[in-house]
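Asks: here is a sequence together with a model predicted from it:
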Amino acid sequence: MATSSRASRRGDGPRRPSERLDELEQGIEQLRVAYEKYFLGIEKRPPVEQHDKVKRMLRDVEKMGHARAALRFRLQGLRARLVTYEQYWTRILRKIEEGTYERHVRRAKQRAARAASPAPVEPGPADPVDPALARRLYRELVAAKKAAGESTKGLSYGGFVKTLAQAVPKLRKRHGGDVDLVVVQKGGKVKLVARPR
């Protein structure tokens, strides 16, 4: 008798049906969060093992049988909730496989846009360089250097814009007015030069 009492205090005895339902409900909610993390790209793989564990929990709880109507009603609700989630997850997984899932398509477009056009550095009040022009010149400079076999190591868009912001006012002053900036190969090296308009 004392042994049974000690086991009960340690929590080693059989759990009550309501406790098993609490555990199942918590497992379903944790599984929902895990799938959301996968769909958002936070996790790299879907929570398949966790999903299987929750389904086993549901089967075990169903085998117990419940005399009380309240417990049966709660179990039916949890089962229906899991089925609804599973239908949604299956639909999203199918879209991901087909490459039509909206979130993934949107992120892919954003990545492609960033790769095609480096993020512009916001010009300060004294910055005379047009961001669109700076982006075009930077792309032309990088492409020309690569074509000529020159290294582009250490060349960044941010640094390029800062250099332009400092150089353009001096060039305008030197040439007595506006200048056009062009990428040329001069003396065996690719350079950006200014030509008076």
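Replies: All right, it came through fine.
Asks: mind giving me the domain split of the protein?
Replies: Following automatic domain parsing, the chain resolves into domains at 2-109, 118-196.
Asks: lowest-confidence stretch among those domains?
Replies: In terms of average pLDDT, domain 118-196 trails the rest of the domains of the chain, at a mean of 77.
Asks: so how far is it off the chain centroid?
Replies: Centre-to-centre, domain 118-196 and its host chain are 32 Å apart (CA atoms, centre = their mean, to the nearest Å).
Asks: can you lay out the domains of the chain as TSV showing mean neighbour count?
Replies: Every residue, glycine included, has its C-beta placed from N, CA and C. Output for those, formatted as TSV (neighbours: other CB atoms under 10 Å):
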stretch	mean neighbour count
domain 2-109	13
domain 118-196	14
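Asks: which residue lies nearest the spatial centre of the protein?
Replies: The centroid of the chain falls nearest to residue 41 when counting by CA atoms, centre = their mean (5.1 Å).
Asks: so that one touches residue 110, yeah?
Replies: No - applying CB atoms under 8 Å as the test, residue 41 and residue 110 come out as separate, 11.8 Å apart.
Asks: got the residue ranges for the helices in the protein?
Replies: Taking DSSP state H to define them, one finds helices in the chain at 2-10, 17-39, 48-64, 69-98, 102-116, 131-147, 157-175.
Asks: to residue 184, which of those lies closest?
Replies: Distance to residue 184, taken as CB to CB, is lowest for helix 131-147 among those, at 8.3 Å.
Asks: any idea how far residue 87 is from residue 19?
Replies: Separation of residue 87 from residue 19 (CB to CB, to the nearest Å) stands at 28 Å.
Asks: nearest to residue 191, of the helices of the chain?
Replies: Taking CB to CB, helix 131-147 is the member of the helices of the chain nearest to residue 191, at 8.6 Å.
Asks: mind giving me the packing neighbours of the closest one?
Replies: Judged by 3 or more CB pairs under 8 Å, 6 or more residues apart in numbering; DSSP states H and E, helix 131-147 is in contact with helix 157-175, strand 179-186, strand 189-196.
Asks: render the CA-only coordinates of that helix in PDB, please.
Replies: Output of helix 131-147 as PDB, limited to C-alpha atoms (Å, rounded to 0.1, in the frame of the first residue of the first chain):
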ATOM      1  CA  PRO A 131      20.700  56.400 -57.000                       C
ATOM      2  CA  ALA A 132      19.500  54.900 -60.400                       C
ATOM      3  CA  LEU A 133      22.600  56.200 -62.100                       C
ATOM      4  CA  ALA A 134      24.800  54.900 -59.300                       C
ATOM      5  CA  ARG A 135      23.300  51.400 -59.600                       C
ATOM      6  CA  ARG A 136      23.800  51.400 -63.400                       C
ATOM      7  CA  LEU A 137      27.400  52.600 -63.300                       C
ATOM      8  CA  TYR A 138      28.200  50.100 -60.500                       C
ATOM      9  CA  ARG A 139      26.800  47.200 -62.600                       C
ATOM     10  CA  GLU A 140      28.700  48.400 -65.700                       C
ATOM     11  CA  LEU A 141      31.900  48.800 -63.700                       C
ATOM     12  CA  VAL A 142      31.700  45.300 -62.200                       C
ATOM     13  CA  ALA A 143      30.800  43.700 -65.500                       C
ATOM     14  CA  ALA A 144      33.600  45.400 -67.300                       C
ATOM     15  CA  LYS A 145      36.200  44.400 -64.700                       C
ATOM     16  CA  LYS A 146      35.100  40.800 -64.900                       C
ATOM     17  CA  ALA A 147      35.200  40.900 -68.700                       C
END
